[in-house]
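Visitor: Got a sequence here, can you build the structure:
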Amino acid sequence: MRGRSAQAPDRDVRLPRARKRFGQHFLHDPAVLERILAAVAPRPEDALVEIGPGRGALSEYLLQSACRTLDAVEIDRDLASGLRERFAAEPRFTLHEADALRFDFAALAGARGRLRVVGNLPYNISTPLLFHLLGNAAAIIDLHVMLQREVIERMAAAPGGAAYGRLTVMLAPWVSVEPLFEVGPGAFQPPPRVWSAVARLTVLPVPRFAVHPRYAAVVSAAFSHRRKTLRNALRGLVSTAEIEQCGVDPGVRPETLAPQTFNALAELSKAAD
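Guide: Next up, the predicted model:
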């Protein structure tokens, strides 16, 4: 987990400080680490990938399991140096000193087989990182991620609720989202100002529907101004008549529509200028 894991208490080493620019808060609560491990439940055939292993606390728990391999992606060079030293004798562990936003998960899956991803995703890049991972959905079995509690609520929201929005709709075709448990600020050092939560995202064998190339553009436009009606939000992309053709009232708010409806609107939409 990126910069949020703690060194085991019996290790007498100097630990790198948390860096604000990487959104680092080191997870140190053994009970939470145990719950994450239990949720992932690694199997002997599993190729695990940990995004942002930080100081290696969760990595150590994962390596105590029966997993086949553990690849870790860490951007912080000081943390990466500590990880190389800490797990030098572990043949199943491979460190990639890289930015997860640019990491080629598909290429790694080509070498390892389909991946099971674990990570405490930095709040400041959580949405683009999730989209990057789902751009490699065919390479991934599932993801166990810790995020800000409100983000997990948005990911799992149903149409019509205050939490339902762009993130919900963009994830919907490819994954099922299962919130697992919440984690308080005291589980981290330094403690964040918000609560976190862990969720399981299971990649669907087949997307829920054939996603139109303009789906993302329509969804982004629809939720760019939440107070707007669908007619106004999609002005220039989908006409009032086309919205009605989909069986939708142009005067409704976007947050009331199911993901499949946005896809139907995308099929009738015009390319953005």
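
Visitor: Quick check: the gap between residue 173 and residue 199.
Guide: Separation of residue 173 from residue 199 (C-beta to C-beta, to the nearest Å) stands at 17 Å. For the C-beta atoms, the positions are set from N, CA and C on the backbone; glycine is no exception.

Visitor: cool, residue 227 as well?
Guide: For residue 227 relative to residue 199 (C-beta to C-beta), the value is 28 Å.

Visitor: So these two - more neighbours on which side?
Guide: Between residue 227 and residue 199, counted using other C-beta atoms under 10 Å, residue 199 has the larger neighbour count: 21 against 7.

Visitor: Now do the helix or strand that one falls within: everything it contacts.
Guide: Element membership for residue 199, per DSSP states H and E: strand 196-203. When contacts are defined by C-beta atoms under 8 Å, 6 or more residues apart in numbering, strand 196-203 is touched by residues 35-36, 39, 120, 137, 140-149, 151-153, 155-156, 171, 174-185, 187-188.

Visitor: pLDDT score for the closest residue to residue 207 other than its chain neighbours?
Guide: Nearest residue to residue 207, sequence neighbours excluded (C-beta to C-beta, 6 or more residues apart in numbering): residue 173, at 4.5 Å. Per-residue confidence (pLDDT) for residue 173: 97.

Visitor: Enumerate every residue touching residue 173.
Guide: Contacts of residue 173 (C-beta under 8 Å, 6+ apart): 204, 207-209, 211, 215, 259, 263.

Visitor: The residues you listed, buried ones only, as a PyMOL selection?
Guide: Per 16 or more other C-beta atoms under 10 Å, the buried members of the contacts of residue 173 correspond to this PyMOL selection:
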select buried, resi 211+215+259+263
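
Visitor: With secondary structure and distance to residue 49 added, can I get the contacts of residue 173 in JSON lines?
Guide: Below are the contacts of residue 173 laid out as JSON lines (DSSP: H, G, I helix; E, B strand; the rest coil; distance: C-beta to C-beta, whole Å):
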{"residue": "204", "secondary structure": "coil", "distance to residue 49": "19"}
{"residue": "207", "secondary structure": "coil", "distance to residue 49": "22"}
{"residue": "208", "secondary structure": "coil", "distance to residue 49": "25"}
{"residue": "209", "secondary structure": "coil", "distance to residue 49": "28"}
{"residue": "211", "secondary structure": "coil", "distance to residue 49": "24"}
{"residue": "215", "secondary structure": "helix", "distance to residue 49": "27"}
{"residue": "259", "secondary structure": "helix", "distance to residue 49": "27"}
{"residue": "263", "secondary structure": "helix", "distance to residue 49": "29"}
